[in-house]
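K.L.:
For reference, the sequence and a predicted model appear below.
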Amino acid sequence: MIVFMNKKKILITVVLCTVFLAGISGVVFFKTFFAENVKNREVTVIVPPGADFGQVVDTLRKYEVLKSEESFRKTAEVLKYKRIKMGRYDISECRTNLDLVRLLRRGQHYSVKFTFNNVRTADQLVEKVGHKFFFEPSELRALLRDPDTLKKYGLDETTAVCLFVPNTYELYYDITASDFLDKMYGYYQQFWNEQRRATASEIGLTPVQVATLASIVEEENMRPSEKAIIAGLYMNRLHKDMLLQSDPTVKFAIGDFARKRILNADLQVDSPYNTYKYKGLPPGPIRIPEASTMDSVLHYRHHNYLYMCAKEDFSGYHNFTASPAVHAQNAARYRAALNARNIRK
């Protein structure tokens, strides 16, 4: 009987100890996995390519993210967080070690929709891209200025913007800047298919020249009804070896697209983009033209117009003519309208 009682006491003791230890383990488990451990949630953590776990912890320490680094390490060990994925991680929604490890393990391999239009320069495009992808804007800017990179696509710094055809694209967030350009080149090739290239050749232009002329047409007027007419006017001037005399190219040359009025002094600027001084097309586009505008150039309207002037009603439309005398009259009316509104530049 005594032996039985002793065994019963031992069993109860063992059970109580087990329960006690389980309770302690439960508390530790809860504190490790589920207790709030993220003290700085107003930060974006950047994990670079090739980083290891130590570097991840160093980054979290740098931005004072964790209350307890030890509990984070234990959580990462239990969850076997070993395969480190690069990315820019917004931890604003993280509270616990479990939240944080899950975020970091998931990685950043998700698609991002990227839309761009109404962009003039490569620098503006870089600003438009911003931080939508993992790579830094400075990386893309450097590639768009690198001769060896651009040479792969048959372009240079003056024609680099030809690589981009305005549209909405879906790309993975963790794409590199180099792969981003490769993707854009793939879309460029899709646009410049065999049929469009054949049409460009028929009218005596290369794809880059089509984009360059389209950029001028677009700066002259975004109205679809006039695009093919304006393209035809400039094609007539090219065929006659005349100066294009396009005001937007002068604005590009002086770096002021807000200019309402081109002055005689502006026409003297010595730039290959000044089509009042130099014949032919400028070295490259003065903006990134829409696909529809490039198609307007490829299928330009055939007519005998050589001159155009904005209408004096400021409707955005133009007066077209083949007569220098009529053009002078149109220009005089437009200048008078500018004067009446006190628009001096």
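P.N.:
Great, that's in hand.
K.L.:
Tell me how many other residues surround the residue nearest to Asp313 when sequence neighbours are not counted.
P.N.:
Of all residues not flanking Asp313 in the chain, Ala337 sits nearest, at 7.7 Å (C-beta to C-beta, 6 or more residues apart in numbering). C-beta: built from backbone N, CA, C; applies to glycine. Ala337: 15 surrounding residues under other C-beta atoms under 10 Å.
K.L.:
Which other helices and strands does the helix or strand where Val210 lies contact?
P.N.:
Assigned by DSSP states H and E, Val210 falls within helix 207-220. Here helix 207-220 touches helix 194-202, helix 224-239, helix 247-254, helix 291-298, going by 3 or more C-beta pairs under 8 Å, 6 or more residues apart in numbering; DSSP states H and E.
K.L.:
what's the angle between the last one and helix 194-202?
P.N.:
Okay, so that is helix 291-298. 40 degrees (axes from the mean of the first three to the mean of the last three C-alpha atoms, to 10 degrees).
K.L.:
Hmm, Arg196 is touching Ala291, no?
P.N.:
No. The pair Arg196 and Ala291 does not pass the contact test of C-beta atoms under 8 Å, sitting 9.8 Å apart.
K.L.:
Is the residue lying closest to Phe252 once chain neighbours are set aside within a helix or a strand, and which one?
P.N.:
Once flanking residues are discounted, Phe252 sits nearest to Ile286: 4.1 Å by C-beta to C-beta, 6+ apart. Using DSSP H and E, Ile286 falls within no helix or strand.
K.L.:
Now do the contacts for Ile286.
P.N.:
For Ile286, the contact set (C-beta atoms under 8 Å, 6 or more residues apart in numbering) comprises 120, 212, 215-216, 219, 248-249, 252, 273.
K.L.:
what about Ala325, how many neighbours?
P.N.:
Around Ala325 there are 9 residues (other C-beta under 10 Å).
K.L.:
where's it, which helix or strand?
P.N.:
helix 324-340.
K.L.:
That helix: which residues count as buried?
P.N.:
For helix 324-340, the neighbour count (16 or more other C-beta atoms under 10 Å) marks 327, 330-331, 333-334, 338 as buried.
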